[in-house]
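*Asks:* Pasted the sequence and its predicted model underneath.
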Amino acid sequence: MAQPWDYIAKIVSLGDSGSGKSSLTIRLCEGRFVSHHDVTIGVEFGSRVVPVGPPASLEHNINNPVGSSQTPKTTSPNDVRQKGKGEPEQKHMKLSLWDTAGQETYKSITRSYFRGASGALLVFDITRRNTFNSVTSWLQDLRQLAEDNIVIVLVGNKSDLAPSNTITEGDSKNKRQVTRQEAEEWCRQNKVMQYLETSAKSGENVERAFLEVAERIYQNIEAGKYDLNDRRSGVKGPGAGGGGGGAGKTVNLGGGGGGPSAVMKKSGCC
């Protein structure tokens, strides 16, 4: 059986403890929400195979990471490998997801996992301003260790607790402490690709956040920006790793056959 992916990319999630990094990964891999999750010690990891490039990127309107994701980009026949009568051949990417601990105690350990990452979700909790204040420090750590062309998306999690974009003190229904405008301005100032608000509880924008990263990585592959034989690039091409699982299903990063059930695995700090 042919392996169900064309590329493998290492994606890291980073940010303060309690911002919802593990919940986002579990939601993506297992399609469920965990209201109470043990504090991550060291790193947890899982994986998911997702479509990249046309036609899926056009259907999801995720094909122009340089500008607004809402602005479609014209795709020429040279942008994709063709099959049949001009129909794009759908490519798939296996996302190797590394969910790192956010506690200061483990920071020296988890920073080592930033090496060799091709993409990152920088996560904060929009109901806790201190987690947003910390993202600059996390970004600096990431850029010190990761490759220069790493794809980064800023994620404001727990949007289900902040239905309004305004900050209203004492409003039990709207606990927002960081506005969308603040986060978008931070992205512009720090040259971060995009800002998205997600809810691990409802699932809103969770898949899209990972797809945005995957799509830009795919575009970089097409542009020849990675050495697919160099593990430091965070991307591997065909022939890297064994098969198992099917397109669109979760697969076991630690080996073995994949299946519809999700796989999350923990690596200790010692």
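*Replies:* Yep, it's here. Owing to the predicted nature of the structure, the values given are computational and were not obtained by experimental measurement. Numbering: from 1, shown residues only.
*Asks:* my guess is Val12 contacts Ser96, does it?
*Replies:* No - at 9.5 Å, Val12 does not count as touching Ser96 under the criterion of CB atoms under 8 Å. For the C-beta atoms, the positions are set from N, CA and C on the backbone; glycine is no exception.
*Asks:* who's more crowded, these two?
*Replies:* Set Val12 next to Ser96 and count neighbours by other CB atoms under 10 Å: Val12 wins out with 29 against 23.
*Asks:* what does the model give the closest residue in space to Phe114 that isn't next to it in sequence for pLDDT?
*Replies:* Closest residue to Phe114 in three dimensions, ignoring its sequence neighbours and counting by CB to CB, 6 or more residues apart in numbering: Leu145, at 4.2 Å. Per-residue pLDDT puts Leu145 at 91.
*Asks:* What is the burial count for Leu145?
*Replies:* For Leu145, the neighbour count with other CB under 10 Å is 16.
*Asks:* What of Arg111?
*Replies:* 16.
*Asks:* Just give me the neighbour total for Leu154.
*Replies:* Using other CB under 10 Å, Leu154 is surrounded by 25 other residues.
*Asks:* List the residue ranges of this protein that fall below the pLDDT cut-off.
*Replies:* 1-2, 36-43, 63-87, 102-110, 239-270 (pLDDT under 70).
*Asks:* Tell me the secondary structure at the spatially most central residue of it.
*Replies:* Nearest to the mean C-alpha position of the chain, counting by CA atoms, centre = their mean, stands Phe210 at 3.6 Å. With DSSP: H, G, I helix; E, B strand; the rest coil as the basis, the three-state label of Phe210 is helix.
*Asks:* In contact with it, which residues are there?
*Replies:* By CB atoms under 8 Å, 6 or more residues apart in numbering, the contact list for Phe210 reads 11, 28, 48, 50, 95, 97, 121.
*Asks:* Next one: it relative to Gly119, how far apart?
*Replies:* From Phe210 over to Gly119 the distance is 9 Å, taken as CB to CB, to the nearest Å.
*Asks:* Kindly report the same for Gly224.
*Replies:* Taking CB to CB, one finds Gly224 at 17 Å from Gly119.
*Asks:* now Met193
*Replies:* 10 Å.
*Asks:* do Gly203 as well
*Replies:* Here Gly203 is placed at a distance of 20 Å from Gly119 (CB to CB).
*Asks:* So those two - more neighbours on which side?
*Replies:* Gly119 (27 against 16).
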